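A.B. asks: sequence and predicted structure, then a few things I'm wondering about:
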Amino acid sequence: MAIATEAERQEWRAGNRVSPDREQAHFGVGAPTAGELTIEQINPLNPHLFREDRWHDYFARLRREDPVHLNELGSAGRYWSVTKWADVRAVESDHETFSSAHGITIGPPADTDGPAAPSFTSFITMDPPEQRLQRRTVQPTMTPTKLRGLEPLIRERATSVLDSLPEGETFDWVDTVSVELTTLMLATLFDFPLDDRRKLTHWSDVVTTIPEPGGLVESSAQRQEEMAGCLEYFERLWEERRTDPGDDMLSMLVHGEATAHMSAAAHLGNLILLIVGGNDTTRNTMSGSVYALNKYPDQYDKLNADHSLLANFVPEMIRWQTPLAYMRRTATKDCEIGGRPIRKNDQVLMWYVSANRDEEIFGPDAEALDIERHNAASHLSFGYGIHYCLGSRLAELQLRILWEEILPRFKRIEVQAEPERTLSSFIHGYTHLPVRVTRR
């Protein structure tokens, strides 16, 4: 999902005539601080900045000095980092000028002879009218009535997981709580066999991870092999739902007016979109909520003292975490953003993680967690416009219920060490978070 393979690095060096040492500022471990670079050298796409949690100053500097910032790679061409709230929302609002059809993450330029389309086509990588038709197929699973029906099940599962946590022992919150709860919910939405639910987590991680030695996947070929297994599994479910449909997302895709003619293979992109959207975003906000309240213990004290603050804590937490760091669009014509000249086929990266810390919108303390922030709900974590996150209300519901059940059970959830973070400039998340709980 991000530019990080050795082949891409070599191509970047060749296309830009720079040495590996110079490239370190873009992609390497331990990249220079933002203050050590000229504004032209700053490239926030480096996934190590996110693994090391050192992206904040890069974006703060871009917001101040160059809020619509140009970089260029041999493998991706020209791409712009849009870092201010108003500019990100303007791009999101204009799908005719800024198209999703060439992909939502950094990729090959749209005007090259190579493949411009993403590996998996989904309704988030489409423009209207196709986008509306396919999105509408699964939208009924997210109506207020459906969500109210899911609330007792979400609460039952949250209480079961929380009651099983060990006291006085360090355990991994990510795997034990966040992954478990979000994967159970995702399996329910798909009517996916519960015994196999961790396959959904695995496939979500596989499709978003950057191949690296010793990593979850070590090569693009291994990723393709893993996704072939995902497709094989869903093809079986696809055929089952043709003859025995239920009230689940998969059945809706199989029988939807705009999607019934498509095979599971043709719909793999939509399946992956729903898996990643239902898994990574919610689980990383659940994990981030524990980390953030430990980082800002005064906010934890406020929440413990007044549980009614949960209503505002939820959007503020989603703003602070911003589980998807950016989304890409591609310019369909020459245009401008913030006075900068954008060429047709330029890639435009809407950095939600920066827009949600825009001091002009959220004040001088935008970097901090403030559970009483008056405009927390103005965040752009779920996007804006036609691609606004389909599962946003479900994500908010899951986070709210989790903390409604945490607060009466535990005096504190205490982080024992810094979390391990995802190697990605797209998924802003956590792989491990060691904690201990103290019950009331």
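C.D. replies: Structure received.
A.B. asks: taking the centroid of the protein, which residue is nearest it?
C.D. replies: With distances taken as CA atoms, centre = their mean, residue 324 lies nearest the centre of the chain, 2.7 Å away.
A.B. asks: quick one: average pLDDT of the biggest helix by length in the chain?
C.D. replies: Longest among the helix segments of the chain by residue count, using DSSP state H, is helix 268-295. Per-region confidence: helix 268-295 scores 87 on mean pLDDT.
A.B. asks: following that helix in sequence, what is the next regular element?
C.D. replies: helix 297-305 (DSSP states H and E).
A.B. asks: ok, and what's touching that following helix?
C.D. replies: 292-294, 309-310, 313, 369-372, 403, 407, 411-412 (CB atoms under 8 Å, 6 or more residues apart in numbering). Using the backbone N, CA and C atoms, a C-beta is placed for each residue, glycine as well.
A.B. asks: can you check stretch 45-65 too?
C.D. replies: 2-4, 25-31, 33-35, 39, 42, 44, 69, 71, 81, 83-84, 106, 210, 325, 349, 351, 353-354, 357-359, 367, 421-425, 428.
A.B. asks: and the residues you listed, which are buried?
C.D. replies: The neighbour-count test (16 or more other CB atoms under 10 Å) marks 2-4, 25-27, 31, 34, 42, 44, 69, 71, 81, 83-84, 106, 210, 325, 349, 351, 353-354, 357-358, 421-425, 428 as buried among the contacts of stretch 45-65.
A.B. asks: please identify which helix or strand holds residue 153.
C.D. replies: Applying DSSP H and E, one finds residue 153 within helix 144-163.
A.B. asks: which strands and helices sit next to that helix?
C.D. replies: For helix 144-163, the elements it packs on are helix 180-190, helix 392-406, judged by 3 or more CB pairs under 8 Å, 6 or more residues apart in numbering; DSSP states H and E.
A.B. asks: quick one: residue 182 and residue 279 touch, right?
C.D. replies: Yes. Contact criterion CB atoms under 8 Å: residue 182 and residue 279 qualify, at 5.4 Å.
A.B. asks: more neighbours: which of the two?
C.D. replies: residue 182 (25 against 22; other CB atoms under 10 Å).
A.B. asks: so who does the nearest residue to the more buried one once chain neighbours are set aside touch?
C.D. replies: Nearest residue to residue 182 in three dimensions, chain neighbours excluded: residue 283, at 4.3 Å (CB to CB, 6 or more residues apart in numbering). Contact analysis of residue 283 by CB under 8 Å, 6+ apart lists 174, 178, 179, 181, 182, 429.
A.B. asks: same thing with residue 91?
C.D. replies: 82, 98, 329, 337, 348, 350.
A.B. asks: at 10 Å what do you get?
C.D. replies: 68, 80, 82, 97-98, 327, 329, 331, 335, 337, 342, 348-350, 384-385 (CB atoms under 10 Å, 6 or more residues apart in numbering).
A.B. asks: from residue 183, how far out is residue 157?
C.D. replies: Going from residue 157 to residue 183 by CB to CB, to the nearest Å gives 10 Å.
A.B. asks: which neighbours do the two have in common?
C.D. replies: With CB under 10 Å, 6+ apart, residue 157 and residue 183 have no common neighbours.
A.B. asks: so between the two, which is more surrounded?
C.D. replies: residue 183 (24 against 19).
A.B. asks: quick revisit: in the sheet, who's paired with the residue nearest to the centre of the chain?
C.D. replies: Per DSSP bridges, the residues bridged to residue 324 are residue 427.
A.B. asks: okay, now the unreliable bits of this structure?
C.D. replies: For the chain, the stretches flagged by pLDDT under 70 are 1-28, 109-141.
A.B. asks: what are the ranges of the strands in it?
C.D. replies: Assigned by DSSP state E, the chain shows strands spanning 68-73, 77-82, 98-99, 171-172, 326-331, 335-337, 340-342, 347-351, 410-415, 420-421, 430-432, 434-439.
A.B. asks: got the buried residues for the last one?
C.D. replies: When neighbours are counted by 16+ other CB under 10 Å, the buried residues of strand 434-439 are found to be 434, 435, 436, 437.
A.B. asks: how many residues are close by the nearest residue to the second one once chain neighbours are set aside?
C.D. replies: Using CB to CB, 6+ apart and skipping residues adjacent in sequence, the residue nearest residue 435 is residue 173, 4.7 Å away. By the criterion of other CB under 10 Å, residue 173 has 26 neighbours.
A.B. asks: quick one: residue 173 from residue 293, how far?
C.D. replies: Taken as CB to CB, the span from residue 173 to residue 293 is 12 Å.
A.B. asks: overlap of the contact sets of these two?
C.D. replies: 413, 415.
A.B. asks: I'd guessed residue 159 sits against residue 165; true?
C.D. replies: No. Residue 159 lies out of contact with residue 165 (CB atoms under 10 Å); the separation is 11.1 Å.
A.B. asks: with neighbour numbers in mind, choose between the two.
C.D. replies: residue 165 (19 against 15).
A.B. asks: quick one, what contacts the closest residue to residue 233 other than its chain neighbours?
C.D. replies: Counting by CB to CB, 6+ apart, the nearest residue to residue 233 once its immediate chain neighbours are dropped is residue 199, at 6.8 Å. By CB under 10 Å, 6+ apart, the residues touching residue 199 are 183, 187, 192, 193, 229, 230, 233, 275.
A.B. asks: and residue 199, how far from residue 230?
C.D. replies: Counting by CB to CB - residue 199 and residue 230 are separated by 8 Å.
A.B. asks: now do the contacts for residue 244.
C.D. replies: residue 251.
A.B. asks: measure it to residue 250 for me?
C.D. replies: Per CB to CB, residue 244 is found 11 Å from residue 250.
A.B. asks: which one is residue 204 nearest to, not counting chain neighbours?
C.D. replies: Nearest to residue 204 is residue 279, by CB to CB, 6+ apart, at 4.2 Å.
A.B. asks: hang on, the one you found packs against residue 179?
C.D. replies: Yes. Using CB under 10 Å, residue 279 is in contact with residue 179, at 8.0 Å.
A.B. asks: now do the shared contacts for these two.
C.D. replies: Counting by CB under 10 Å, 6+ apart, the residues touching both residue 279 and residue 179 are 200, 201, 204, 205.
A.B. asks: let me know how buried residue 53 is, in neighbour terms.
C.D. replies: Residue 53: 11 neighbours (other CB under 10 Å).
A.B. asks: one more: residue 321?
C.D. replies: 26.
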